Every structure is written in C-alpha cells, then in structure tokens.
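Trainee: Build me a structure from this.
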Amino acid sequence: MYETLQQKFREKIASYSPISECSLEKLLALATVIHVKKNEVLVQQGFVARQFCFLHTGYVIAYITDDRGKKYTKNIATNNDFIASTVSCILHEPSKFTIKAVTDCTLLSLPYRPFRELLFQVDDLKLFYIHYLEKNWIIAKEEREISIVMEEAQVRYEKLLKSHPAIEKHVALQDIACHLGITPTQLSRIRRLRK
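Mentor: Numbering: from 1, shown residues only. Model prediction:
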C-alpha cells in the first residue's frame, strides 16, 4: 500500500509540476503515513494547524462553525487531494475552520514548517508549490466564487457529481448542500428531478 500511496503522491505533484526523484525522496523523508477513522478531526477550528497532507483514500470536509453553532461546509476533499488549513500553517495562527474525516482515511502528512523550509531550498519543489497555489487558491477559488453567483444550483450539483461520482455514498447530503450554497431541501428537490 505504501508504494501505491507514493506513486499517487508522485503523480499528483507531477500534475502541477515535475520534480526530481531526489526532491521526492526529500519530501518522503519528512512524511508520515497516518490512518484516521470516520469523524476524527484532523484540524480543529481555533487551533493552529501544523500539517500539509495528501489524502490518499477517503473523504474529508472542511467546515466553519459560527457563534450559534451553525456549520458551513467550506470544502470537500477526496482521494488524491491535498488538504491543509494553509493560512493557519503559514501565519501560525488558529485555523478558521475544522477539517474532519467523514470516512476512514489514509493520508501522507508533512509537517508544514520543515515542508516550507524545503520549498525554499529546492527549486523544483518551489515550482510545484507555486503551481499548486495558483491552481487551487486562485483559479479554482475564483471559478467556485463565480459558480455560486452565476450558475443554477442544479448545474453546480451536476459538476460536483461529474468530478466526484461517488460523493453521495460518503458525504452527508446536508454537507453537500452547504458546499453547493443551497439548503438540504433544495438539494432533495434537485436530486428528485434528476431521477
């Protein structure tokens, strides 16, 4: 299983920018394989995050809980996604959201500080991280923001299913609805019309 995890990790990094075998080995030397159970919290809102993780298998959600206890799903991640409370890691400040496993998961965890130091020392890792940030923090974020405002909920739902066909088997419908910016009732209506 570790070889498969390493291969998927290598492929994911290469999807942003190629790195040398030497650079990969340096990353893997920092990494720890962790297994988390369903409902286990990886990052707790209000606490400083310290890990940059590669989600090998499973589903996690990132959510914000307001002062009244209402939960807002920020993001849903699945196999071969990177996950972190990046702002918390960079600023060494409490995370504004929680990251929780919604299934059993296997992750490759990198301690953020040594990972960041390595980024500054190794050029191909630096390029990977720049491309990762551009794709996820600029391009995907902007596309999501525009989608929430400009696209019908049904279109957003169809896009989510296209990119994550098995999501409904693993993630609660209320979390999916919140992620789409709609109510669970609206999602039920959309799902009913689809059948």
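
Trainee: Could you use CA atoms for every contact and neighbour count after this?
Mentor: Will do.

Trainee: remind me, longest helix of this structure?
Mentor: In terms of residue count, the longest helix belonging to the chain (DSSP state H) is helix 2-16.

Trainee: same for it, what does it pack against?
Mentor: strand 51-57, helix 123-133 (3 or more CA pairs under 8 Å, 6 or more residues apart in numbering; DSSP states H and E).

Trainee: What is the distance between whichever helix or strand comes after the last one and the centre of its chain?
Mentor: Read that as helix 123-133. Sequence order places helix 140-150 as the next helix or strand after helix 123-133, per DSSP states H and E. Its chain's average C-alpha position is 17 Å from that of helix 140-150, according to CA atoms, centre = their mean, to the nearest Å.

Trainee: which residues sit against helix 140-150?
Mentor: Applying CA atoms under 8 Å, 6 or more residues apart in numbering, the external contacts of helix 140-150 come out as 156, 180-181.

Trainee: would CSV of the residues you listed with neighbour count be doable?
Mentor: CSV is the format used below for those (neighbours: other CA atoms under 10 Å):
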residue, neighbour count
156, 18
180, 23
181, 18
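
Trainee: Just want the angle from the helix or strand following the longest helix of the chain to helix 123-133.
Mentor: The C-terminal neighbour of helix 2-16 among helices and strands, as given by DSSP H and E, is helix 21-30. Inter-element angle recorded for helix 21-30 and helix 123-133: 70 degrees (by axes from the mean of the first three to the mean of the last three CA atoms, to 10 degrees).

Trainee: just checking, what packs against helix 21-30?
Mentor: strand 105-111, helix 112-121.

Trainee: Show me what the longest one is packed against.
Mentor: Spelled out, it's helix 112-121. helix 21-30, helix 123-133.

Trainee: Just the buried residues of the first one, please?
Mentor: It refers to helix 21-30. 23-24, 27-28 (16 or more other CA atoms under 10 Å).

Trainee: can you check stretch 160-178 too?
Mentor: Quick answer for stretch 160-178 (16+ other CA under 10 Å): 167, 171, 173-178.

Trainee: Endpoint to endpoint, that stretch covers what distance?
Mentor: 13 Å (CA to CA, to the nearest Å).
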